[in-house]
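A.B. asks: my questions concern the predicted model and sequence given below.
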Amino acid sequence: MSEKELPKEMPEKENTIEENEVVSSSEPSEDPPETEEKVKKEEEKTVVSSEDIIEKDEVVKSSKTSEFKTKNDDDDDEAIVSSEEIHEEPENEVDENIKKEYHTLSESELISELKKLVSEKPIQSIKNEVEEIRVEFSSKFNEELEASKEKFLAEGGNIIDFHYSSPSKKEFNSVYFNYKEKRNHFYENLKKDLKANLQKRKELIEELKGLLNAEESINTTYKHFKDIQERWFEAGAIPKDKYNLIWNTYDHHVENFYDFLHLNREFRDLDFKHNLEHKLRLIIRAKELAQEENINKAFRELQMLHKMWKEEIGPVAKEYRDEIWDKFSEATKIIHDKRFIQMEALEKEFEVNFESKKQIIDEINSITQKKNANHKEWQNAIKEVQSLRDTFFSSGKVPKSKNKEIWDSFKETTRNFNKDKNTFYKDQKKEQFTNLEKKLELIKIAEDNKDNDDFDVVTPLMKEVQNSWKKIGHVPKKDSDKIWKQFKNACNHYFDKLHSKKNEANKEELTHFTLKEEFLASLNEFTLEGNHENDLALIKDKINSWKKIGRVPYNKKDIEQKFNKKLDSLFNQLDIDKKEIELIKFENKLNTLASEDDIRKLQNEEFFLGKKVSEVQNEIRQLENNLGFFQHVDKNNPMVKEVYKNIDTQKDQLDVWKRKLSKIRKVRKGL
C-alpha cells in the first residue's frame with residue numbers, strides 16, 4: 001500500500017489527509033500543549049488488558065516503520081531483566097511429554113545428561129533440569145555412601161576413620177562446577193549489557209532533548225529525530241526496574257518534539273499520515289487473524305501487533321485516534337472470544353486427562369504394593385509399569401494449575417516402584433554371591449575327584465554334585481560362563497573316563513552274551529539221569545557255570561529269563577520239595593542281581609522281602625487270634641481244621657521268605 005492509499009474500511013472523508021492540515025498527536029492545533037499526565041493517560045488507552053498484549057517488561061526487536069512485517073512464531077524477543085532479579089529465572093512450565101525421569105537413570109547416565117544440557121542448551125534455561133539431576137545424583141551417591149559405611153563398620157572399622165568417594169562423584173562435581181561458572185559468567189555479562197543499554201538510551205533521550213535547541217533547518221532536525229527513533233528501537237534490553245521510567249521519559253520528550261514540530265505543520269502532518277497508514281495495516285492484519293483457524297497462532301501474532309501498535313508506531317491525528325483504536329479493538333475481541341471458547345473446551349479435556357493420569361498413578365501404586373517375590377514376577381511388573389508409563393505420557397495435557405502436582409505425584413510413584421525393584425535386585429546380587437560360593441565349592445569337589453578311578457564310589461558323588469549345581473540359583477553374570485565352563489570340564493573329564501571303561505566292559509559283556517547263548521543252546525541237549533541227588537547236583541553245577549560266565553549287556557538281559565525258564569523245566573522233572581526248588585531259583589536270581597552290580601535293585605529286593613515277612617507274620621497272628629473264637633469247638637470241626645491248615649501254610653511260606661531275606665542280606669553285606 002502506498003503512502004497515498006488508505007484501506008477501504010475508513011470513511012471516505014478519512015481516506016486522505018489534507019497536506020495543509022496539521023493535527024497534534026496530543027492536542028488540537030489551537031490547544032495548549034498537553035501535560036505529561038495526559039500523555040500517560042493516552043498511552044494507557046492503547047492497552048487492552050494484561051492478557052491481551054505483551055507486558056512492558058518485554059522489549060520489541062526493532063522493525064522498520066516504513067514497512068509492515070509479521071513475525072515468525074520462532075522469533076525471540078529480548079527479555080527485560082531486572083537488576084534486582086539478575087540471578088533469577090522464570091519458572092519453567094512442567095511438560096510431562098518432554099520431562100525426563102531422571103530418577104530412573106544411573107549415575108553415569110545422569111552425568112551424561114548434565115554434560116549434554118550444559119553444552120547444548122542456553123545456560124539460563126536449564127536451572128530446573130540441572131537441579132533435579134543434582135538431587136537425583138546426590139540421592140544415589142548417598143545410598144552408596146550408606147552401604148559402604150555399613151560394610152566398613154561390619155568389618156570392624158571405626159566411624160572416625162570412614163571416608164568414601166568415587167570417580168563418578170568427582171566427575172559430576174567437575175561438570176556441575178562448570179555449569180555454575182558458565183551461568184555466573186552469563187549473568188555477569190547480561191548485567192553489563194543491560195547497564196550499557198540503559199546508558200545508551202539515556203544518551204538518546206539527551207540527544208532528543210537537544211533537538212529543540214538545534215541550530216539547523218527543520219528538515220535536518222526531522223531527519224535527526226527519525227535517526228534517534230531508529231537507534232532507540234535497536235538499543236537492546238535494559239534493567240526491568242528502569243523500564244517504565246525510561247520509556248515514559250522518552251515518550252514525554254517525543255511529545256515535546258511533536259509540539260516543537262507544531263511550528264512546521266508539513267513534517268508533523270507527514271509523520272501522522274505515515275503512522276496512520278501503519279496502524280491501518282495492523283487493523284487489516286488483525287481482521288485477517290480473526291479468520292485464522294489456528295487460534296493459538298493468531299493469538300501469538302496479535303500480541304506482536306499490539307506491541308508494534310504501542311511501542312513502534314507513533315501517534316496519529318487526533319480525529320482518527322479513537323476510530324482506528326475501536327476498529328483494532330474489535331478485531332482483537334473476536335480473537336480473544338475464540339480463544340476463550342477454545343480454552344474452556346481444552347480445560348474440560350485437560351480435567352479428563354488429569355483424572356486418567358491419577359488412575360494410572362493408582363495402578364502403579366497397586367503394582368508396587370504387591371511385593372513381588374522373584375525375578376519372573378518383577379519382570380512382569382516392570383512390563384506393566386512401563387506400559388502404564390507410556391499411557392501416562394500419551395494421555396495428553398492437564399490443567400496448568402495441576403501440572404506440577406500430577407508430575408510430582410507420578411515421579412514419586414515411579415520412584416517408589418524403582419526403589420523396591422532396586423532393593424530386590426540388590427538382595428538378589430547378595431544371594432548370587434552366596435550361590436557363587438556354593439558353586440565354587442562344588443567345582444572343587446568335582447576337580448578333586450575327576451581323576452579318581454574308584455568309579456563305584458565317585459560316580460554317585462559326581463551325580464550328586466551335578467544335581468546340587470542345578471538346585472543352586474543364579475550367580476553374578478560376569479562369573480556365570482567362567483565357572484560353568486570350569487565345572488563342565490571337570491565333570492566331562494571324569495565321565496569320559498567312566499564311559500571309556502564302560503566301553504571296554506561292554507566288549508567283555510558282549511563276549512559273555514555269546515558264551516551264554518552257546519551255553520543255553522547246550523542245555524537243549526542236556527537230560528537228567530533220573531537219580532534225584534545226582535540230577536540236583538548237575539542242575540546246581542549248570543547254575544554255577546552260568547554265573548561264572550559273567551554279566552551281559554543291559555539290552556541283552558532277556559537271556560536270563562530264557563535260562564530261568566529252562567531251569568523251571570528241569571526242576572519240574574525232579575521229585576524234590578518245592579521250598580527247596582524255590583530257594584535254589586531265588587539264589588540264581590540273587591546271583592544275577594549281584595552280577596549286575598546294581599545296588600538299587602538289591603535294596604528294592606531286600607525291602608520287598610522284609611515287607612513280605614512282616615505281612616505273613618501279621619497274617620499268622622491274625623489267624624491265631626481267630627482261634628480264640630473256637631475255644632469250645634471240637635478241633636475236628638471243618639472250620640477249625642481249615643484255620644490250622646492256613647496257619648501251617650503261612651508258617652511254611654514265612655520260613656521261605658525269611659531264608660530269602662537272610663540270603664540277600666549276606667550278599668549285600670559282602671558287596
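C.D. replies: Happy to help now that I have it.
A.B. asks: and the helix or strand containing residue 443, what does it pack against?
C.D. replies: Residue 443 is part of helix 400-449 when elements are defined by DSSP states H and E. Counting contacts by 3 or more C-beta pairs under 8 Å, 6 or more residues apart in numbering; DSSP states H and E, helix 400-449 packs against helix 318-369, helix 375-394, helix 455-471, helix 477-523. (C-beta placed from N, C-alpha, C; glycine too.)
A.B. asks: could you dump those helices to CSV with mean neighbour count, mean pLDDT and distance to residue 651?
C.D. replies: Output for these, formatted as CSV (neighbours: other C-beta atoms under 10 Å; pLDDT from 0 to 100; distance: least, C-beta to C-beta, whole Å):
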stretch, mean neighbour count, mean pLDDT, distance to residue 651
helix 318-369, 15, 87, 70
helix 375-394, 14, 88, 61
helix 455-471, 13, 89, 40
helix 477-523, 14, 83, 35
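A.B. asks: can you lay out these as TSV showing distance to residue 206?
C.D. replies: Output for those, formatted as TSV (distance: least, C-beta to C-beta, whole Å):
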stretch	distance to residue 206
helix 318-369	29
helix 375-394	56
helix 455-471	92
helix 477-523	75
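A.B. asks: identify whichever of the ones you listed lies nearest to residue 422.
C.D. replies: Among the helices and strands packed on helix 400-449, helix 375-394 comes nearest to residue 422, with 10.5 Å by C-beta to C-beta.
A.B. asks: return the distance of that closest one from the chain's centre.
C.D. replies: 8 Å (C-alpha atoms, centre = their mean, to the nearest Å).
A.B. asks: how about stretch 171-183?
C.D. replies: Worked out by C-alpha atoms, centre = their mean, stretch 171-183 lies 28 Å from the chain centre.
A.B. asks: again, but for stretch 391-400
C.D. replies: Worked out by C-alpha atoms, centre = their mean, stretch 391-400 lies 19 Å from the chain centre.
A.B. asks: could you count how many residues lie near the residue nearest to residue 375 when sequence neighbours are not counted?
C.D. replies: Closest residue in space to residue 375, ignoring its immediate chain neighbours: residue 428 at 7.1 Å, by C-beta to C-beta, 6 or more residues apart in numbering. Residue 428 is flanked by 17 other residues according to other C-beta atoms under 10 Å.
A.B. asks: rewinding a little: and the angle from the helix holding residue 443 to helix 455-471?
C.D. replies: For helix 400-449 against helix 455-471, the angle by axes from the mean of the first three to the mean of the last three C-alpha atoms, to 10 degrees is 170 degrees.
A.B. asks: give me the residues contacting stretch 602-620.
C.D. replies: Around stretch 602-620, the neighbours that count as contacts under C-beta atoms under 8 Å, 6 or more residues apart in numbering are 590, 593-594, 647, 650-651, 653-654, 657-658, 660-661, 664-665, 667-668, 671.
A.B. asks: got any ranges where the stretch 51-200 of the chain has weak pLDDT?
C.D. replies: Along the stretch 51-200 of the chain, the parts satisfying pLDDT under 70 run over 51-99.
A.B. asks: please apply the same query to the stretch 201-350 of the chain.
C.D. replies: If you take pLDDT under 70 as the line, the stretch 201-350 of the chain has these spans: 262-267.
A.B. asks: now with 50?
C.D. replies: Along the stretch 201-350 of the chain, no part satisfies pLDDT under 50.
A.B. asks: tell me where it has helices.
C.D. replies: Per DSSP state H, counting those that start in this stretch, the stretch 201-350 of the chain carries helices over the ranges 218-233, 243-261, 265-289, 295-307, 318-369.
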